[in-house]
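Undergrad: sequence-free structure coming up:
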């Protein structure tokens, strides 16, 4: 794909379910924490590669509302990793001109993590080299429930409700829906990821674990997207 940015159809918005960190570690007889750490390092790297090819938005599934059911030690480690990463890498993302958005029930995160989240959002808010939207304490059903609650608080009337209005109350209403959603690790489901926004997204399921994701996989995703014919419910031929 080198030097072919203008020759193929580039998606504006790529969404990724970053799955397989724990299995990657277990298969190497490593602690699962090593898998999560390696996974985060890929999160620091891979979006920039997508942006270099012309993708404008990358959304990633970092921590779901169901992930709280994991072992307490693992959850605590993940929260500490996220906090450390946001503090240490805020400067990196800012220098790269990447705008960070966070989607989910951020105010329910433990300790001062909500404040740390707000700081990285504020620091990078004027950047324009790409948007990295991190879904944290996120669930697709929770997002729709939260949107309904916001509408009720605003006293939205029944006759006012339509698709566009509901989108307005989602976590990131200004973002276009993902053109393609990629899940690593071989699982073939969305697991509650972007339930509203994924209505017409292309889906791509890869067997490779997220910690093994490389530039060649970015190129595969982009080429696969370019080969598909999106009809949005129109004539199927």
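TA: Right, received. Where do you want to start? Every value quoted in this text rests on a predicted model; they were computed, and no experiment measured them.

Undergrad: So in this structure, which helix runs the longest?
TA: When the chain is parsed with DSSP state H, its longest helix is helix 72-95.

Undergrad: how about that one: buried residues?
TA: The neighbour-count check on helix 72-95 (16 or more other C-beta atoms under 10 Å) flags 77, 78, 79, 82, 83, 85, 86, 89, 90, 93, 94 as buried. Glycine gets a C-beta too; all of them are placed from N, C-alpha and C.

Undergrad: and that helix, what does it pack onto?
TA: helix 32-52, strand 57-64, helix 113-124 (3 or more C-beta pairs under 8 Å, 6 or more residues apart in numbering; DSSP states H and E).

Undergrad: quick one: contacts of that helix?
TA: For helix 72-95, contacts defined as C-beta atoms under 8 Å, 6 or more residues apart in numbering pick out 32-33, 36-37, 40, 44, 62-63, 67-68, 100, 109-113, 116-117, 119-120, 123-124, 127, 132, 136.

Undergrad: can you check stretch 20-31 too?
TA: 32-36, 38-39, 184-186, 208-212.

Undergrad: Which one (most neighbours) among the residues you listed?
TA: residue 210 (28 neighbours; other C-beta atoms under 10 Å).

Undergrad: how near is that one to residue 91?
TA: 24 Å (C-beta to C-beta, to the nearest Å).

Undergrad: Might you calculate how far stretch 111-120 sits from the centre of the chain?
TA: Mean-position distance between stretch 111-120 and its chain equals 18 Å (C-alpha atoms, centre = their mean, to the nearest Å).

Undergrad: Flag every buried residue along that stretch.
TA: So for stretch 111-120, counting by 16+ other C-beta under 10 Å, buried means 113, 114, 116, 117, 120.

Undergrad: Show me where the protein dips below the pLDDT cut-off.
TA: 1-7, 230-237 (pLDDT under 70).

Undergrad: tell me the centre residue of it?
TA: residue 60 (1.6 Å; C-alpha atoms, centre = their mean).

Undergrad: Could you find the closest non-adjacent residue to that residue?
TA: Leaving out its chain neighbours, the residue that sits closest to residue 60 by C-beta to C-beta, 6 or more residues apart in numbering is residue 16, at 5.0 Å.

Undergrad: what about that neighbour, how many residues close to it?
TA: Neighbours of residue 16 (other C-beta under 10 Å): 28.
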